[in-house]
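Novice: Provided below for reference: sequence and predicted model.
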Amino acid sequence: MGKIKTVASVLLLAFIVGCSPSPQEPSGTEIERVLLDSKRNLVFVEGGEFRLGDVGNQSGAPFTPILDNNKPPKLVEIDSFSILAKEVTWGEFLTYLHDVGRAEEYTIENGFRRAVRLPIVANNDPGSPNYKDKPARSPNFHEAENYCSWLAEKTGHPYALPSEAQWEFAARNRGQSVPFATNTGELDIDVYLQRSPVDPMHPVSGNALVHSSNQVERRPAGSYPPSPLGLHDMTGSVAEWTRDWFHPGFDHLSSDNPVAVEVPSSVPSKRSVRDLAGYGDHTGGLATVYARHGEDVDSPDQGFRCVVNHPESIN
């Protein structure tokens, strides 16, 4: 009888273990925290009319003299929307990847070479480039887009990647002619990555992280003062995906809520990326909010934030 009880106990334990979530599977509490934060961190942006592209400074000189793909500017109008105040973090992104069962696809063991330099993981070590509160770098465009779609599915709100027009309108405080999306509209560069070796515990200085460097290290999202609109790191930190297919110039766009949905024949696999200051190079105006370029959809170097396409605040 004792043996039967022991066997039964072992079988019951095996059944419980077999039915328990994977150690990497996020709990309902973790998912709920991400969903709550994704709503709490939204900034409402009242729509309006503005000139998309490099409008030039007060003297008429372009902000980005070495770029032609953002000229001439185009007069457009966009509806009101909400946008995340901060870039999506490693902790948030990995909660999503584990929930949909795709985190293991982006490992060295499964052939994701980028993981040699920067693994697609999240941890609790503030000294790690993968610290849970630091900005995530999506392994490709599709997972960034899918993350926003995941938020939409979980919350019932229309989350999506921002269009280029939405991104620039927000970065420019609703279309103002400012060069940088900082608290002052000017750039005061943090010395963080200029120090060798890099010390993640070194106090924050300046108002943005822009430095010519191959370092994958970044500050936690939201480390610097917000723009007047209440947004963090739209200058510096990491470059960001938008939902638009990349076309040189803006002639292809409509004037009403423009978004490039047609795949260009010249560069059929590239989406528009904004905040080139996130790459670290700020030559020739590339750190300004006007700089843009096309990046292959399989590129693993970009971060992102989501918008909610609703004409009223959902907070």
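Specialist: Now that the structure is in, tell me what you want to look at.

Novice: So for stretch 56-70, first residue to last residue, what's the gap.
Specialist: The straight-line separation of the ends of stretch 56-70 (Cα to Cα, to the nearest Å) is 11 Å.

Novice: oh, I was asking about stretch 125-145
Specialist: End-to-end for stretch 125-145, by Cα to Cα: 27 Å.

Novice: Run the chain-centre distance for stretch 170-177.
Specialist: Here the centre of stretch 170-177 is set off from its chain's centre by 18 Å, with Cα atoms, centre = their mean, to the nearest Å.

Novice: quick one: the helices in the stretch 201-315 of the chain?
Specialist: Counting by DSSP state H, counting those that start in this stretch, one finds no helices in the stretch 201-315 of the chain.

Novice: Where does pLDDT dip in it?
Specialist: Across the stretch 201-315 of the chain, the ranges flagged by pLDDT under 70 are 212-213.

Novice: ranges for the strands of it?
Specialist: 240-245, 270-274, 292-296, 307-308 (DSSP state E, counting those that start in this stretch).

Novice: can I get these in CSV with distance to D281?
Specialist: Heads up, the C-betas are built off the backbone N, CA and C, glycines and all. Converted to CSV, those look like this (distance: least, Cβ to Cβ, whole Å):
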stretch, distance to D281
strand 240-245, 16
strand 270-274, 13
strand 292-296, 11
strand 307-308, 27
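
Novice: would you list those strands in CSV and tack on mean neighbour count and distance to G280?
Specialist: CSV is the format used below for those (neighbours: other Cβ atoms under 10 Å; distance: least, Cβ to Cβ, whole Å):
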stretch, mean neighbour count, distance to G280
strand 240-245, 25, 14
strand 270-274, 24, 14
strand 292-296, 19, 14
strand 307-308, 24, 25
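
Novice: I'd like to know which of these lies nearest to N110.
Specialist: strand 292-296 (20.1 Å; Cβ to Cβ).

Novice: For the closest one, name the packing helices and strands.
Specialist: When contacts are defined as 3 or more Cβ pairs under 8 Å, 6 or more residues apart in numbering; DSSP states H and E, strand 292-296 sits against strand 270-274.

Novice: Kindly format the C-alpha coordinates of the strand it packs on as PDB.
Specialist: Only the C-alpha atoms of strand 270-274 are listed here, as PDB (Å, rounded to 0.1, in the frame of the first residue of the first chain):
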ATOM      1  CA  LYS A 270      13.400  48.700 -46.700                       C
ATOM      2  CA  ARG A 271      11.300  50.500 -44.100                       C
ATOM      3  CA  SER A 272      11.900  54.000 -42.900                       C
ATOM      4  CA  VAL A 273      14.000  54.500 -39.800                       C
ATOM      5  CA  ARG A 274      14.000  57.700 -37.700                       C
END
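
Novice: on that earlier part again, can you tell which of the strands of the stretch 201-315 of the chain is closest to L35?
Specialist: strand 307-308 (12.5 Å).

Novice: Can you report phi and psi for F44?
Specialist: When read as degrees, to the nearest 10, the backbone of F44 gives phi -80, psi 130.

Novice: my read: it touches D79, true?
Specialist: No. Under the criterion of Cβ atoms under 8 Å, F44 makes no contact with D79, lying 11.9 Å away.

Novice: more crowded one of the two?
Specialist: Taking other Cβ atoms under 10 Å, F44 and D79 do not tie; F44 has more neighbours (17 against 14).

Novice: Disregarding flanking residues, what is the spatial nearest neighbour of the more buried one?
Specialist: With sequence-adjacent residues excluded and distances taken as Cβ to Cβ, 6 or more residues apart in numbering, F44 is closest to S313, at 4.0 Å.

Novice: Pull the number of nearby residues for the nearest residue to H252 once chain neighbours are set aside.
Specialist: Excluding the flanking residues, the one nearest H252 by Cβ to Cβ, 6+ apart is A260, at 6.0 Å. By the measure other Cβ under 10 Å, the count of residues near A260 is 21.

Novice: wait, isn't A260 in contact with F250?
Specialist: No. Counting by Cβ under 8 Å, A260 does not reach F250; the two are 9.0 Å apart.

Novice: Run through the stretch 1-150 of the chain and note the low-pLDDT ranges.
Specialist: Looking at the stretch 1-150 of the chain by pLDDT under 70, you get 1-23.
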